[in-house]
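In: sequence unknown, structure follows:
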């Protein structure tokens, strides 16, 4: 790890909505923070004493001053993606609410289950989770079919750990 990479981790804002579940994002641009994000903010000096923690997934950064952090449950995250495709199958392999795994082709999909299991191991080791992202449009932050998401495997890992109904921070990129 280079000095620049290490410094970025040390300076990265970290949110901890549940003990041991830490989300990071980049703060080069101003980001609208709800009160819960301010309450969940932890001082990154805590990580200096314990050593640097690599992150799980991409660390999002603000694209413009309309970007914001919004709290949603992992199931709400997946429902938002599915709502953009009401008359067609959702993108990739998004399963319905209630299915054991939602970000796999099926509950027997070993390739994606292994990725989710590795993420769970990383969370248990104390690694920082790159905050899941949604690109949204309009005043109501709708997810549309041409928008993107980043973090489906991380959100499914949180579901597997018992956090399906726990609001966690999601980085919203607002298009308009």
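Out: Noted; the coordinates are in hand. This structure is a prediction, so every number in the text was calculated from the model and none was measured. Residues are numbered from 1 along each chain as shown.
In: Contacts for the strand ranked longest in the chain next, please.
Out: Ranked by residue count under DSSP state E, the longest strand found in the chain is strand 168-174. The set of residues external to strand 168-174 that reach it, using Cβ atoms under 8 Å, 6 or more residues apart in numbering, is 15, 17-18, 21, 23, 25, 31, 37, 40, 60, 63-64, 66-74, 77, 131-137, 141, 151, 155, 158. (Each C-beta comes from the backbone N, C-alpha and C, glycine too.)
In: Show me what stretch 152-159 is in contact with.
Out: With Cβ under 8 Å, 6+ apart, stretch 152-159 has contacts from 21, 56-57, 74-75, 77-78, 81, 92, 94, 101-104, 112, 115-117, 119-120, 123, 129-130, 132, 164, 166, 168.
In: out of these, which are inside helices?
Out: 74-75, 77-78, 81, 112, 115-117, 119-120, 123 (DSSP state H).
In: I'd like those residues as CSV, with neighbour count and distance to residue 174 appended.
Out: As requested, those are exported to CSV (neighbours: other Cβ atoms under 10 Å; distance: Cβ to Cβ, whole Å):
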residue, neighbour count, distance to residue 174
74, 27, 21
75, 18, 22
77, 27, 16
78, 25, 20
81, 23, 16
112, 18, 29
115, 18, 29
116, 23, 28
117, 13, 33
119, 22, 27
120, 17, 31
123, 20, 28
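In: Could you point out which of those is nearest to residue 146?
Out: Nearest to residue 146 among the ones in helices among the contacts of stretch 152-159: residue 81, at 12.5 Å, using Cβ to Cβ.
In: and residue 64, which of the three is it?
Out: What DSSP: H, G, I helix; E, B strand; the rest coil gives for residue 64 is coil.
In: quick one, phi psi at it?
Out: phi -160, psi 180 (degrees, to the nearest 10).
In: where's it relative to residue 123, distance?
Out: For residue 64, the distance to residue 123 equals 30 Å [Cβ to Cβ, to the nearest Å].
In: and what of residue 20?
Out: 7 Å.
In: Equivalent analysis for residue 114, please.
Out: Note on residue 114: its distance to residue 123, by Cβ to Cβ, is 15 Å.
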